[in-house]
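Visitor: got a sequence here, can you build the structure:
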Amino acid sequence: MNDLRKAVLGSVEKLFERKQFKSLKDLLSTMEPADIADILSEKPPAERVFLFRILPKDIAIEVFEFLEGSDREELISCFTDHEVAAIIEEMSDDDRTALFDELPAKTVKRLLYHLSPEERRIANTLLNYPDDSAGHIMTPEFIDLDEPLTATEAIERIRKSAPRKETIYTTFVVDGERKLKGMVHLEDLILASPETTVKDLMDELPVYVYTETDQEEAAQTMSKYDLQTIPVVDRERRLVGIITFDDILDVVQEEATEDFERMAGISPVEEGYLEAGIFTLTRKRFTWLIVCIVTQVFSSHILERYAFALESIVALTFFIPLLIDTGGNTGTQSATFVIRGLTTGEVTREDLKRVVRRELVLGLILGAGLAVLAGLNAMIMGTHAAVALTVAISVVGVVSLGNLAGTLLPFAAEKFGIDPAVISGPLITTVVDVLGLLVYFEVARLVLGLG
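Guide: Modelled structure (predicted):
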């Protein structure tokens with residue numbers, strides 16, 4: 001695949017250098033829009049604009065939808081408002097909304113002015129829904145049917161409407177007040193007897209979401225019921241739009257990226273890594289690092305308080321990194337499982353006691369196994385048997401505490417309406433560090449008879 005990609009890129013470059021623009025246009029026209037977008041993204045701005053201009057209009061619109069934010073903004077800045085409006089007029093409504101979300105408000109206002117009244121109305125409607133809601137990412141480009149229609153009549157309606165709609169494989173049955181009555185799949189219409197009515201073929205209990213439903217919840221619903229398309233209704237259950245699986249894939253990727261960033265102690269970055277400025281990346285990462293510095297003051301106080309133990313048995317110092325690293329990693333592992341369970345709906349608040357019991361048992365099993373290895377490591381290093389025993393007992397305690405912290409903190413965050421991913425990672429590591437040091441030195445004091 002990479003060899004084919006290099007060959008195509010080479011052909012594009014050669015035709016461009018030789019100014020064989022007709023052949024270049026023919027070559028690009030045979031390619032998939034997503035591949036053309038990849039090629040354009042690697043070109044300098046001036047060449048990118050030229051290549052985009054020679055594309056046939058229908059292909060250009062699809063390519064524009066596949067381009068990343070900064071590349072699209074560069075193209076927009078090189079075109080007149082009328083040229084841009086001609087492109088975004090033909091874009092799918094959900095992709096156009098995503099584009100407007102990336103652009104400055106003044107630019108959006110100017111472009112909206114150049115849209116046709118109908119497209120401007122649709123764009124304004126979608127933009128007015130809350131960010132990250134189902135209404136914001138839906139498209140009103142769906143096919144609706146009436147119950148009395150026969151299969152033949154329904155297929156004819158689909159045939160006429162198809163070019164302007166997002167999908168034709170799932171259609172929706174509404175009544176005179178636009179209220180959702182059911183869903184019909186194209187396959188069922190094709191296989192049915194010509195005179196069979198839509199009412200007889202439709203699913204009368206369709207799964208749907210509301211316009212204000214969070215987009216992540218909409219994604220979970222589609223995944224749970226294995227849907228390619230899900231209808232979006234208002235509070236009166238009037239059908240106002242649909243969400244297709246390609247839009248949900250974007251949501252899943254976006255939400256997963258945000259969770260990964262938060263778990264690493266990074267505020268979500270809207271731009272790509274290479275597109276974001278140095279100061280933006282610094283600002284996004286700095287907050288949690290400050291929190292870690294502040295909270296580590298507790299660790300310093302603990303070390304100061306138990307300085308007598310370190311002065312009495314210097315070997316205790318050797319195992320501090322082992323304990324805090326083991327506890328922090330264990331807590332992060334536990335939090336990852338719990339956060340994923342909360343996100344997918346597999347785990348709820350009612351499962352707290354059950355999850356805590358499971359993680360405590362896991363902590364003891366993992367701790368026991370690691371304690372044997374840590375104790376052997378201490379013996380191999382030539383420390384006293386009592387020190388090895390101290391390390392082994394401490395490992396069991398620290399691992400169990402790490403599991404417990406990794407379990408309870410996500411539940412606590414969700415209870416207070418905070419994204420569980422926000423409190424994981426650095427915070428769990430810091431909490432376990434402090435508790436781990438306390439456990440270690442208290443075990444040492446008891447086992448070794450210190451102070």
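
Visitor: switch to C-alpha atoms for all contacts and neighbour counts from now on
Guide: Fine.

Visitor: pretty sure Glu141 sits against Pro163.
Guide: No - if you go by C-alpha atoms under 8 Å, Glu141 and Pro163 don't touch, sitting 10.1 Å apart.

Visitor: neighbour count winner among these two?
Guide: Neighbours were counted for Glu141 and for Pro163 using other C-alpha atoms under 10 Å; Glu141 has more, 20 against 10.

Visitor: the more buried one should be in a strand, yeah?
Guide: No - applying DSSP: H, G, I helix; E, B strand; the rest coil, one finds Glu141 to be coil, outside a strand.

Visitor: quick one: low-confidence parts of the protein?
Guide: 1-5, 259-276, 288, 421-426, 451 (pLDDT under 70).

Visitor: grab the longest helix from it for me.
Guide: Criterion DSSP state H: the longest helix present in the chain is helix 385-415.

Visitor: list the buried ones in that one?
Guide: 387-411, 413-414 (16 or more other C-alpha atoms under 10 Å).

Visitor: using CSV, write out every CA atom in stretch 108-118.
Guide: In CSV, the C-alpha atoms belonging to stretch 108-118 read as follows (Å, rounded to 0.1, in the frame of the first residue of the first chain):
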residue,chain,number,x,y,z
VAL,A,108,-18.8,31.7,10.0
LYS,A,109,-21.1,34.7,10.0
ARG,A,110,-19.7,35.9,6.6
LEU,A,111,-20.0,32.5,5.0
LEU,A,112,-23.6,32.0,6.3
TYR,A,113,-24.5,35.2,4.5
HIS,A,114,-23.5,33.6,1.2
LEU,A,115,-25.5,30.4,1.7
SER,A,116,-29.0,29.9,0.2
PRO,A,117,-31.8,30.7,2.6
GLU,A,118,-32.7,27.0,3.1
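
Visitor: wait, what's in contact with the most centrally placed residue in the chain?
Guide: Central residue of the chain (C-alpha atoms, centre = their mean): Glu255, 1.9 Å from the mean position. Contact analysis of Glu255 by C-alpha atoms under 8 Å, 6 or more residues apart in numbering lists Glu216.

Visitor: helix, strand or coil: sort out it for me.
Guide: Classification of Glu255 by three-state DSSP places it in helix.

Visitor: so how far is Glu17 from it?
Guide: 42 Å (C-alpha to C-alpha, to the nearest Å).

Visitor: in stretch 298-309, what's buried?
Guide: Neighbour-count burial for stretch 298-309, counted by 16+ other C-alpha under 10 Å, picks out 298-299, 302-303, 306, 309.

Visitor: inside helices: which ones of those?
Guide: 298-299, 302-303, 309.

Visitor: can you add distance to Val8 and give these back as TSV?
Guide: As requested, these are exported to TSV (distance: C-alpha to C-alpha, whole Å):
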residue	distance to Val8
Phe298	59
Ser299	58
Ile302	63
Leu303	62
Ala309	68
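
Visitor: which of these sits closest to Val108?
Guide: Phe298 (49.4 Å; C-alpha to C-alpha).

Visitor: please identify the helix or strand for the closest residue to that closest one other than its chain neighbours.
Guide: Using C-alpha to C-alpha, 6 or more residues apart in numbering and skipping the chain neighbours, the partner closest in space to Phe298 is Val434 (6.6 Å). According to DSSP states H and E, Val434 maps onto helix 426-448.

Visitor: name the residues that touch that helix?
Guide: Contacts of helix 426-448 (C-alpha under 8 Å, 6+ apart): 263-265, 288, 292, 295-296, 298-299, 302-303, 306, 309, 320, 323-324, 327-329, 331-332, 386-387, 389-391, 393-394, 397-398, 401-402, 405-406, 409, 450-451.

Visitor: and stretch 376-388, how far from the chain's centre?
Guide: Mean-position distance between stretch 376-388 and its chain equals 46 Å (C-alpha atoms, centre = their mean, to the nearest Å).

Visitor: so which bits of the helix holding Val434 are buried?
Guide: Buried residues in helix 426-448, defined by neighbour count with 16+ other C-alpha under 10 Å: 426-444, 448.

Visitor: before we move on, back to that, helix 426-448 and the longest helix of the chain, what's the angle between them?
Guide: Orientation check (axes from the mean of the first three to the mean of the last three C-alpha atoms, to 10 degrees): helix 385-415 against helix 426-448 gives 150 degrees.

Visitor: pull the number of nearby residues for the closest residue to Ser161 other than its chain neighbours.
Guide: What sits nearest to Ser161 in space, not counting adjacent residues and going by C-alpha to C-alpha, 6+ apart, is Ile143, at 7.0 Å. Using other C-alpha under 10 Å, Ile143 has 22 other residues around it.

Visitor: for burial, what's the neighbour tally of the closest residue to Ile54 other than its chain neighbours?
Guide: The spatial neighbour of Ile54 that comes closest, neighbours along the chain excluded (C-alpha to C-alpha, 6+ apart), is Lys25 at 6.1 Å. Neighbours of Lys25 under the rule other C-alpha under 10 Å: 18.

Visitor: quick check: Lys25 is in a helix.
Guide: Yes - with three-state DSSP as the criterion, Lys25 is located in a helix.

Visitor: you'd agree it is up against Arg53?
Guide: No - if you go by C-alpha under 8 Å, Lys25 and Arg53 don't touch, sitting 9.7 Å apart.

Visitor: the nearest residue to Val209 once chain neighbours are set aside in helix, strand or coil?
Guide: Leaving aside its sequence neighbours, Val209 sits nearest to Val232 (C-alpha to C-alpha, 6+ apart; 5.1 Å). Using three-state DSSP, the structure places Val232 in strand.

Visitor: tell me the bridge partners for Val232.
Guide: On the basis of DSSP bridges, Val232 is bridged to Val209, Gly241.

Visitor: show me the contacts for it.
Guide: Taking C-alpha under 8 Å, 6+ apart, one finds 134-135, 138, 208-211, 239-243 in contact with Val232.

Visitor: ok, now with 6 Å
Guide: Each residue near Val232 by C-alpha atoms under 6 Å, 6 or more residues apart in numbering is listed here: 208-211, 241-242.
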